[in-house]
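Chemist: okay, here's the prediction I keep looking at, along with the sequence it came from:
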Amino acid sequence: MYKISCVKYINSLPFVYGLKNTSILRKISLELDTPADCYKKLLNKEVDIGLVPVVAIPGLNEKHLISAYGIGASGKVKSVILATETPLEEIKTVYLDYQSRTSVQLVRVLAKNFWKINPVFLQSEPGFVTKAIPKGTAYVVIGDRAFSFYNTDYKIYDLAEEWKAFTGKNFVFATWIANRNIDIDFKIEFDKALQDGLAMREKIIMDLISSTKIEQNLLEEYYYKNINFNFDAEAKEGMDLFLNLLNQL
């Protein structure tokens, strides 16, 4: 039996549905975590496979790309944002989402290479998203909590959209990594389960409408236009560029 850690955010629900509602469930033990915890569990060998933030991949002692799927974007992603009431060039302090690894490094890359600003980066604490954003300050917010900022007067910078505008490349937030060799037959079955989960997006949307305050049209746009679930050659090219720029920081 393979132990698997998957991100518990809305963006990865199709993967969760696929793993929970197909025959592969009897071959796995599934845990739902934050992106940072997915990485920690894979690093510490508490799980065999994880939906891992790409920024963490170089830090793994053993890593195997095992899937044609992941979490990325070819433009606006909506759930990874910089929120502020201050013009970019006047931002002095950026609070980084404590649940994130890749997104907080992406904002550093954007600040240095593209926005040409040099703010102080501070680690946030739980509950920071409920506090008003002071002047001269910005918050990096990821996951489901980011949607609430679209109902405010804050200026929203979509980090994946900013990356696309400056580089012309797709961005990858997370992809499936194993810390040991995985049986080829299981990898085929694993990808089939993820594919089946993506086919369940309409059901997921209906379930979310009844359990959240997110509007149907927003969810449909998010799942069918914003999130790029394919980890293909184009996605890998964007990932490699990001890791190269990050290495230069």
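Modeler: Sure thing, it's come through.
Chemist: what about the helices in this protein?
Modeler: Under the criterion DSSP state H, the chain carries helices at the ranges 13-20, 35-43, 102-110, 159-167, 184-198, 201-211, 216-221, 233-248.
Chemist: lowest average pLDDT across those?
Modeler: The stretch with the lowest mean pLDDT among the helices of the chain is helix 35-43, at a mean of 89.
Chemist: helices or strands next to that helix in the packing?
Modeler: Helices and strands touching helix 35-43, by 3 or more Cβ pairs under 8 Å, 6 or more residues apart in numbering; DSSP states H and E, are strand 2-7, strand 49-53, strand 171-178. No exception for glycine: its C-beta is placed from N, CA and C like everyone else's.
Chemist: with mean neighbour count and distance to V109 added, can I get those in JSON lines?
Modeler: Shown next, in JSON lines, are these (neighbours: other Cβ atoms under 10 Å; distance: least, Cβ to Cβ, whole Å):
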{"stretch": "strand 2-7", "mean neighbour count": "22", "distance to V109": "21"}
{"stretch": "strand 49-53", "mean neighbour count": "28", "distance to V109": "14"}
{"stretch": "strand 171-178", "mean neighbour count": "26", "distance to V109": "10"}
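Chemist: among those strands, which is nearest F15?
Modeler: Among those, the nearest to F15 by Cβ to Cβ is strand 2-7 (5.7 Å).
Chemist: got TSV for the helices of the chain, with distance to V129 too?
Modeler: Formatted as TSV, the helices of the chain follow (distance: least, Cβ to Cβ, whole Å):
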stretch	distance to V129
helix 13-20	20
helix 35-43	16
helix 102-110	14
helix 159-167	16
helix 184-198	28
helix 201-211	19
helix 216-221	18
helix 233-248	25
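Chemist: out of these, flag the one nearest Y150.
Modeler: Taking the helices of the chain one by one with Cβ to Cβ, helix 216-221 is closest: 8.2 Å.
Chemist: quick revisit: and the helices of the chain as CSV, adding mean neighbour count and distance to E85?
Modeler: Converted to CSV, those look like this (neighbours: other Cβ under 10 Å; distance: least, Cβ to Cβ, whole Å):
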stretch, mean neighbour count, distance to E85
helix 13-20, 21, 31
helix 35-43, 22, 27
helix 102-110, 24, 17
helix 159-167, 20, 18
helix 184-198, 17, 37
helix 201-211, 14, 29
helix 216-221, 14, 23
helix 233-248, 16, 28
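Chemist: compare those helices and give me the one nearest K135.
Modeler: K135 lies closest to helix 102-110 among those, at 18.8 Å (Cβ to Cβ).
Chemist: tell me the angle of that closest one relative to strand 171-178?
Modeler: Counting by axes from the mean of the first three to the mean of the last three Cα atoms, to 10 degrees, helix 102-110 lies at 140 degrees to strand 171-178.
Chemist: show me how far helix 102-110 is from its chain's centre.
Modeler: Centroid separation between helix 102-110 and its chain, computed with Cα atoms, centre = their mean, to the nearest Å, is 12 Å.
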